[in-house]
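J.: Sharing a sequence plus its predicted fold:
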Amino acid sequence: MRFAPHLLSPVQHFQPISLNNSHLNNLEIFLNKSEFHLNAPIFQKIALKFKQKFKILLSNNNKLTSPMLEDIESQQAQIDKGIMTGIENPRIGFVKKVYGIISMQLILTTFLVYLGQTSLSDFFRSNSPLAISLLVLSLVGSLITMITIVCYISLARTVPTNYILLGIFTLCEAYGVAYSTSFFESEHVIVAAFLTTSLTLTLTLYAWTTDRDVTVYTGAIWILAWGLLAFSLLMFFFFFWSSTVLTFTSIMVSILSTVIYGFYLVVDSQLIVGGKRYGLGVDDYIIAAVIIYVDIIILFMRILQIVASLSKR
């Protein structure tokens with residue numbers, strides 16, 4: 001399940017206008033002086049933002065040699081690295097918080113999966129009424145909390161309500177994953193976890209470093225995902241009597257799902273890092289953690305299905 005498109009905020013591009021040299025010179029003098037009068041970090045950031053906005057104006061008026069431009073580039077580089085005294089890029093703190101939350105989610109999930117492979121293995125595989133009831137409860141709880149987080153933005157931004165919702169969602173998802181993986185061999189689970197970790201790190205690094213903006217393809221990926229779901233349902237209804245066809249279809253669907261959610265992971269990573277056409281706000285750290293966590297879990301489950309299917313052949 002994906003988040004609603006209304007969560008994405010398009011970046012507004014500044015449109016340069018024409019000013020004469022006198023206006024630009026006066027503006028440069030004012031902005032340079034403003035940094036010495038505004039000592040609070042927030043006001044320093046505001047002054048710097050004004051200077052960034054008028055960088056294009058200075059460039060269009062043949063003032064590329066102005067010391068102001070070099071000053072802007074130097075200060076912006078320091079802010080991006082988070083090393084300017086008293087000024088911290090909010091996006092850096094946002095990214096740290098998101099991936100810190102995701103790490104806690106994955107640790108909890110890994111712990112429950114480990115229990116599902118060891119001490120809770122018999123409990124899950126017995127299909128006892130309690131195990132089934134907890135599974136149904138976890139599925140319903142996961143769905144309700146995800147819809148609440150994604151659709152009610154005010155709740156997703158309110159502390160501690162957002163953390164409570166996230167905790168319930170993560171616990172429900174982790175139980176469902178632990179229950180599902182308990183029916184697979186431990187070796188397959190380990191291989192799938194290793195492949196998922198490698199793929200996640202690679203795709204995340206690509207999303208952070210590439211200049212290509214993939215956030216504009218969110219709609220296309222959404223269509224592909226729903227098309228794959230429709231194809232899976234059709235194949236099941238028309239070929240449910242053939243185990244060979246269903247096995248082949250399952251492998252193909254798992255491979256295509258891995259590709260699609262790999263793209264989703266790249267898109268969602270760029271939404272978090274920012275700097276592209278669309279991005280999440282710095283207050284949407286719970287939503288960001290949920291979408292990345294779901295991407296990783298789906299990748300893991302699909303890769304596990306592929307590994308298990310291929311090992312039987």
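T.: Structure's in. What do you need?

J.: helix or strand right after whichever helix or strand Leu229 is part of?
T.: According to DSSP states H and E, Leu229 maps onto helix 218-238. The C-terminal neighbour of helix 218-238 among helices and strands, as given by DSSP H and E, is helix 243-273.

J.: returning to what we had before: could you list every helix and strand that the helix holding Leu229 packs against?
T.: Other elements packing on helix 218-238 under the criterion 3 or more CB pairs under 8 Å, 6 or more residues apart in numbering; DSSP states H and E are helix 243-273. From N, CA and C alone the C-beta is placed, and that goes for glycine too.

J.: List the buried residues for the helix it packs on?
T.: By neighbour count on 16 or more other CB atoms under 10 Å, the buried set for helix 243-273 is 249-251, 253-254, 256-258, 260-273.

J.: strand partners of the next helix or strand after that helix, parallel vs antiparallel please.
T.: Next in sequence after helix 243-273, counting helices and strands by DSSP H and E, comes strand 278-279. According to DSSP bridges, strand 278-279 forms sheet pairs with strand 9-10 (antiparallel).

J.: about what we covered before: and the helix holding Leu229, which residues are buried?
T.: Applying 16+ other CB under 10 Å to helix 218-238 flags Thr218, Ile221, Leu224, Ala225, Leu228, Ser232, Met235 as buried.

J.: Ok, stretch 111-124 next?
T.: For stretch 111-124, burial by neighbour count (16+ other CB under 10 Å) applies to Leu112, Val113, Leu115, Gly116, Gln117, Leu120, Ser121, Phe123, Phe124.

J.: what helix or strand is the second one on?
T.: Taking DSSP H and E as the definition, Val113 sits inside helix 90-117.

J.: hey, C-alpha coordinates of the helix or strand just after that helix in CSV?
T.: Using DSSP H and E, the helix or strand that follows helix 90-117 in sequence is helix 121-125. In CSV, the C-alpha atoms belonging to helix 121-125 read as follows (Å, rounded to 0.1, in the frame of the first residue of the first chain):
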residue,chain,number,x,y,z
SER,A,121,8.5,-21.8,15.4
ASP,A,122,6.2,-24.6,16.7
PHE,A,123,3.6,-22.0,17.9
PHE,A,124,3.4,-20.4,14.4
ARG,A,125,3.4,-23.7,12.4
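
J.: and after helix 121-125, which helix or strand comes next?
T.: Going down the chain from helix 121-125, the next helix or strand is helix 129-151, by DSSP H and E.

J.: and that following helix, what other elements does it pack with?
T.: Counting contacts by 3+ CB pairs under 8 Å, 6+ apart, helix 129-151 packs against helix 153-156, helix 161-181, helix 285-311.

J.: Out of those, which is closest to Tyr99?
T.: Distance to Tyr99, taken as CB to CB, is lowest for helix 285-311 among the helices and strands packed on helix 129-151, at 8.0 Å.

J.: What helices and strands are in contact with that closest one?
T.: Helix 285-311 packs on helix 90-117, helix 129-151, helix 153-156, helix 161-181, helix 186-209, helix 243-273, going by 3+ CB pairs under 8 Å, 6+ apart.
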